[in-house]
Each structure stands twice: as structure tokens, then as C-alpha cells.
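Trainee: 3D model of this:
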Amino acid sequence: MAAAGAVAAAVPALAAPVRTEHVLLLSVDGLHQSDLEWYTRTFPGSALAALAAHGAEYTHASTPVPSDSFPGMVGQVTGGNPATTGIYYDATYNRALLPPGTTACAGAKPGSTVDYTEDLDRDKDRIDAGQGVPNLPGGVLAMTGDPRSLIDPAGLPVDPKTCGPVYPHQYLRVNTVFEVARQAGLRTAWSDKHPAYEMLNGPSGTGIEDLFTPEINSKAPASGDWTKDNAATQQYDGYKAEAVLNEIDGFDHSGRTRTGTPGVFGMNFQSVSTAQKLPVSGGQPGGYQADGAPGPVLRSALDFVDRQLGAFAAELRKQHLDRSTAVVLSAKHGQSPIDPAALTRIDDAPLLSGLNSAWRAVHPGAPDLVAQSTDDDAMLLWFTDHSPDAGAFARQYLLAQSGTGNGSTGAPKPFTHAGLTAAYAGADAARYFHAGQGDPRVPDLVGIAQHGVVYTGGRSKIAEHGGTADDDRAVPLVVGGGHGVRIPAPVETTQIAPTILRLLDLDPRALEAVRAEGTRPLPGLGRD
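Mentor: The predicted structure follows:
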């Protein structure tokens, strides 16, 4: 943060808009800064190029670690990293909560998985998460704007103090820009991929007035899953884009009720992310070419996002909101690896099974050591034994493991050290995240993956996120409006939150994470 703040005075300021009354935040999951640069260079007449040419483009922006959707999105709207927000991933473990379904809380042993994924839906096979909306999938815009009602409380961890379920918004430790905007009398709206994103409501539970969350991991009519075919993902994202267009026009996400254009609103795109992950889609190769250029499926996804951005810009002009709306474009996370030759897929199940077996061999009668594992292209482990000895044992075991995975063609590919470059356990894991000792949410072991390693038992994906590599974290960050300027100063996507409030003439320090971490608004916007 200090580096970004130190250069702010040297950055040329943008021409101030007439007045910023609305902020449209767009998160394009998986999008790298290199993708934006390639696209705007290749298509100079595109909507993405126009946004960059008439805004501030931060060319060295980084996401939080872990580079997952939950900490990435939470960071953008709170200004905080996981040690402050308490959000490390969508599937984690908490040593202070009780397991789902606990009803006799007095004297119950704490320790529970915390699963804020599609598994919480009343019906995860339906795009409306089980609401019962007719005429799906096209009728999904009639879905509720309060997705808390679509979460099955039986899947939620239990607070030992209240003996009640802990909803996602209650798990977030700090407030959000949506809460601050609402307190200032502004309307708020957002569209995302699971009902569990009601977390973005913030601790008050009331931050977002209109939260549209069609379930992306539900069954799609043709492909069986919206994420398994990129054309289906684009169709899915299209529903959320339609919701944004309705909101620009002054309606709720359904387009049925006139509410006024929100002060803070936006959506998350999934199309680029699935195009980067899928080996093949529609008979075309996914991911990147050997020279780093997007392949045909990814180019199609980038074109799709560009068209939606163009449609938003046109609708803002049509409604005479273009001079009063700041568009902020970034990404919750990138995707790794970009280079197909770098990919090493490793099945983590035998590694964890071996760790558990080795632990039980020296601790007869003990349960499995691993209580929760979250491994994409990083390794986050929570243990049943929180002692320093357990952490040291696991670290030593994993770093001693070698084996054979497979590369992008499926050919065998050897790996060493369980695919890790480093592993931090116990107190070192807490220090890695700058978290306080004894924080019940911090992983017991954090494994930093070798570049290109993806933990998966199959061959259905060629990239993932969650890790620390530039491919995971180097995302675009563009704030539209004024004269184009490229700002090379290192910034973080957590700086989006105080920037949104500054643009709206609200106090960034109204955000608790901003006060805790000293998060600065982005430099160069003429409002520092």
C-alpha cells in the first residue's frame, strides 16, 4: 500500500467527471492484465480498448492471496485481505464453530467445515437454486433478489454461542461498500454465481438491496453444466448482463419493478474463466496458444465480455448516465498456467491419503490428520491436531513426496515435493497471512505450488486459481472516465473499495478493513 500511495502525487490526474453518482463494478474472473493488453492491441476499436483509452489503467494490479473468488471479491468490496476479512476461500474450516446440524451445543467439541459453495443451495441442480421459478433457464430473471431464502440452513456451520446457523454474511468480519452506500441513501445491486454470495451483504445482512445469484453449477439444458461448455457459460453470463442492463434503465434485476439506477452495482463474468480451464469446448481448444495468445475458445469469451461492456456503455449513454457513472473493471483472480507447456496436473487425493496414513501410523488410534483440504493451484490444509508437531510432520511429509502427474497433452509428467516450492505450517502459516496467533480460521498448512501445478484427479481442466503466481494474481484494473493514462505503480484490488467510496464522495474510512489495513484509494484519479 505504501508504494502505491508514495507515487500518487506523480501520477497525472484524470479529468474529473461532471459528478459520479453511480459506480458500475465489473469482475471478469480469470482475466489477466496480459489478456487486456493483447485484446486492446489486437482490437483497438473494441469496448475494452475504449474503456482503457478513456480511463486509468493500472498495469501492475494484484489480487489477494489466496487468489480465489471469495477473498478476491470480498477484497474488492471491503478493502481487506483474508486476515482482516476472515475469508480465505469458499470451502474452509473453523476451529471455533460447530458442525452443521448441531443442536446440543453445550459442551460440543468445536471444529467444523465451512462450505459456502453451491452445496448450500436448496436445489443445486436448478439455476434458480430451488426457488421454483417457471420457464427456466430463460425465466431466471424472475429469481429473488434476496438469495438468503435459497440457502439450506442445514448445511451451515453452527455458532456455539447462539446454537444457530452462521449464514455467509455473518461470517464476514468487516463491512462492505454496499453497506456504506446504503447508509448514505444509495441503492445497491449485484449479480454473482451462487446464493452464498449473500456474504457481500456484509455483517448487517442488508448491504445489497437487489442480489441476483443464478447458480452456475446447476444443470444446463444442453451441456449438463453451465461451466462445461463455454457457449453455455456465455449464455449464463448473459442473464446477469441482462440484469445489469435492467438496472441501468432504472429497474430491479428482473426488469419488472422501477427502482432507480443503483449507486453501486455490477456483476461477475465467468466466461473467460471457463474458457481458460476447459481443454476443449465446442470442438475447439481452450486456454492459450504456445505463444501466450488466447486460443479460439478464449478469444470467443473475450469477444463476449467486450460485447456486454459495449452494451452497458451504450445503455448508459441512452439513459444519459454516461457522464455520471464510473465503470470499474477488474477480476477476482487470474488463472494459471498461461503457458500450456507449464501445466502439471497432480492428483492430490493420494498425497493426502498418504499423509493421513503416515500420521495414524505414528499416532495409533488418532483420526485422520486432514480435516479439510482446499487444493486448486495452491494447497490449504486444516488439521484435526493443531499442535506444532502436527504441522511440522505434515510439512516434512509433503515436501518429501515425488510422483508422476500429467501435462497438457495427458502424457506422464514427474513431480517433486508434492508439487510445492514451499510449505508454511502452524505459526508460520499465520505469519504468512499476517494473521493473529490463534485465529481459528487460518489454515494449518499453506502450500505454495510450483508454477503450472494444478491439483486435480482428472484431465478436465488445464488451469486453476488460488495460488500466488503472477498468472493467478496479475489482473487488470481500469477505472473509466477522463483521459487515458497507464499507471505502472503496484496496486492491489483491495484498493477498489475505498476508490468506489471516494468516487461517490463518501468517506473511505467508513470501511472497517480500510481503517485496519490503511488501504488507500487508487492513485491518479484527481481525488487523492
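
Trainee: how about the residue nearest to Gly55 when sequence neighbours are not counted, what does it touch?
Mentor: Excluding its sequence neighbours, the residue lying closest to Gly55 (CB to CB, 6 or more residues apart in numbering) is Gly480, at 3.8 Å. Glycine gets a C-beta too; all of them are placed from N, C-alpha and C. Neighbour list for Gly480: Leu51, His54, Gly55, Ala326, Val327, Val328, Leu329 [criterion: CB atoms under 8 Å, 6 or more residues apart in numbering].

Trainee: Report the separation between Gly480 and Thr42.
Mentor: Applying CB to CB, to the nearest Å, the value for Gly480 to Thr42 is 20 Å.

Trainee: what do you get for Ile216?
Mentor: In terms of CB to CB, Ile216 sits 28 Å off from Thr42.

Trainee: now Pro490
Mentor: On the measure of CB to CB, Pro490 and Thr42 end up 26 Å apart.

Trainee: still on that earlier bit, PyMOL command for the buried members of the contacts of Gly480?
Mentor: Entered in PyMOL, the line below selects the buried ones among the contacts of Gly480, by 16 or more other CB atoms under 10 Å:
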select buried, resi 51+54+55+326+327+328+329
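
Trainee: now the contacts of Gly480 in a markdown table, with secondary structure and distance to Ala314?
Mentor: Output for those, formatted as a markdown table (DSSP: H, G, I helix; E, B strand; the rest coil; distance: CB to CB, whole Å):
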| residue | secondary structure | distance to Ala314 |
| --- | --- | --- |
| Leu51 | helix | 13 |
| His54 | coil | 15 |
| Gly55 | strand | 17 |
| Ala326 | strand | 17 |
| Val327 | strand | 12 |
| Val328 | strand | 18 |
| Leu329 | strand | 16 |
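
Trainee: got the contact list for the residue positioned nearest the centre of the chain?
Mentor: Nearest residue to the geometric centre of the chain (CA atoms, centre = their mean): Ser69, 1.6 Å. By CB under 8 Å, 6+ apart, Ser69 lies in contact with Asp29, Asp90, Lys193, Asn268, Lys332, His333, His465.

Trainee: hey, where'd the helices end up in the stretch 251-400 of the chain?
Mentor: Chain-ordered helices for the stretch 251-400 of the chain, with DSSP state H, counting those that start in this stretch as the definition, fall at 271-277, 296-318, 348-362, 388-399.

Trainee: Outside of the last one itself, list whatever touches it.
Mentor: To tie it back to what came earlier, the one meant is helix 388-399. Residues outside helix 388-399 that contact it (CB under 8 Å, 6+ apart) are 351, 354-355, 358-359, 362, 369, 379, 381, 383, 417-418, 420, 423-429, 444-445, 447.

Trainee: among the helices of the stretch 251-400 of the chain, which is nearest Ala108?
Mentor: Ala108 lies closest to helix 388-399 among the helices of the stretch 251-400 of the chain, at 22.1 Å (CB to CB).

Trainee: ok, and what's touching stretch 496-512?
Mentor: So stretch 496-512 is contacted by 20-21, 23, 25, 75-80, 173-177, 180-181, 183-184, 186, 263-264, 326, 328, 330, 477, 479, 513-515, 519-522, 525, 527 (CB under 8 Å, 6+ apart).

Trainee: What of stretch 270-287?
Mentor: Here stretch 270-287 makes contact (CB under 8 Å, 6+ apart) with 28-31, 35, 193, 216, 226-231, 233-234, 236-237, 288, 294-298, 300-302, 304-305, 335, 340, 408, 459-465.

Trainee: Could I get the contacting residues of the residue of the chain most remote from its centre?
Mentor: Relative to the centre of the chain, and counting by CA atoms, centre = their mean, the farthest-placed residue is Pro364 at 40.1 Å. By CB under 8 Å, 6+ apart, the contact list for Pro364 is empty.

Trainee: same check, this time on the one 4 residues further on
Mentor: Residues touching Asp368, when contacts are defined by CB under 8 Å, 6+ apart, comprise Asn356, Trp359, Arg360, Thr384.

Trainee: Please pull out the lowest mean pLDDT helix or strand from the chain.
Mentor: For the chain, using mean pLDDT, DSSP states H and E, the weakest element among its helices and strands is helix 2-7, scoring a mean of 34.

Trainee: Next secondary structure after it?
Mentor: strand 22-28 (DSSP states H and E).

Trainee: For that following strand, list every residue counted as buried.
Mentor: His22, Val23, Leu24, Leu25, Leu26, Ser27, Val28.

Trainee: The first one and Thr261 touch, don't they?
Mentor: Yes - in this structure, His22 is within contact of Thr261 by CB atoms under 8 Å, at 5.8 Å.

Trainee: intersection of neighbour lists for these two?
Mentor: Leu321.

Trainee: Please report the distance of the residue nearest to Lys124 when sequence neighbours are not counted from Ser67.
Mentor: Spatial nearest neighbour of Lys124, chain neighbours left out: Glu118 (4.6 Å); criterion: CB to CB, 6+ apart. Distance of Glu118 to Ser67, computed by CB to CB: 20 Å.

Trainee: what's the answer for Asp322, then?
Mentor: For Asp322, the distance to Ser67 - CB to CB - is 32 Å.

Trainee: what does Glu57 give?
Mentor: In terms of CB to CB, Glu57 sits 20 Å off from Ser67.

Trainee: neighbour-wise, which of those two wins?
Mentor: Neighbours per residue, other CB atoms under 10 Å: of Glu57 and Ser67, the larger number sits with Ser67, 30 against 24.

Trainee: Tell me the spacing between that one and Trp382.
Mentor: As judged by CB to CB, Ser67 and Trp382 stand 19 Å apart.

Trainee: got it, and Gly202?
Mentor: Distance, Gly202 to Trp382, by CB to CB: 25 Å.

Trainee: Where does pLDDT dip in the protein?
Mentor: Residues of the chain meeting the criterion pLDDT under 70: 1-18, 526-528.

Trainee: any idea which of the buried residues of strand 22-28 is closest to Leu97?
Mentor: Ser27 (28.3 Å).

Trainee: can you tell me which residues contact the closest residue to Gln308 other than its chain neighbours?
Mentor: Closest residue in space to Gln308, ignoring its immediate chain neighbours: Ala241 at 4.5 Å, by CB to CB, 6+ apart. Ala241 sits next to Met267, Gln308, Ala311, Phe312 when contact means CB under 8 Å, 6+ apart.

Trainee: How about the helix or strand hosting Ala241, which residues are buried there?
Mentor: Using DSSP H and E, Ala241 falls within helix 230-248. Neighbour counts over helix 230-248 (16+ other CB under 10 Å) mark 230-237, 239-248 as buried.

Trainee: ok, now stretch 121-131?
Mentor: Neighbour-count burial for stretch 121-131 flags Asp121, Arg122, Asp123, Lys124, Arg126, Ile127, Asp128, Ala129, Gly130, Gln131 (criterion: 16+ other CB under 10 Å).

Trainee: Wait, the first one touches Gly130, no?
Mentor: Spelled out, that is Asp121. Yes - Asp121 lies in contact with Gly130 (CB under 8 Å); the separation is 5.8 Å.
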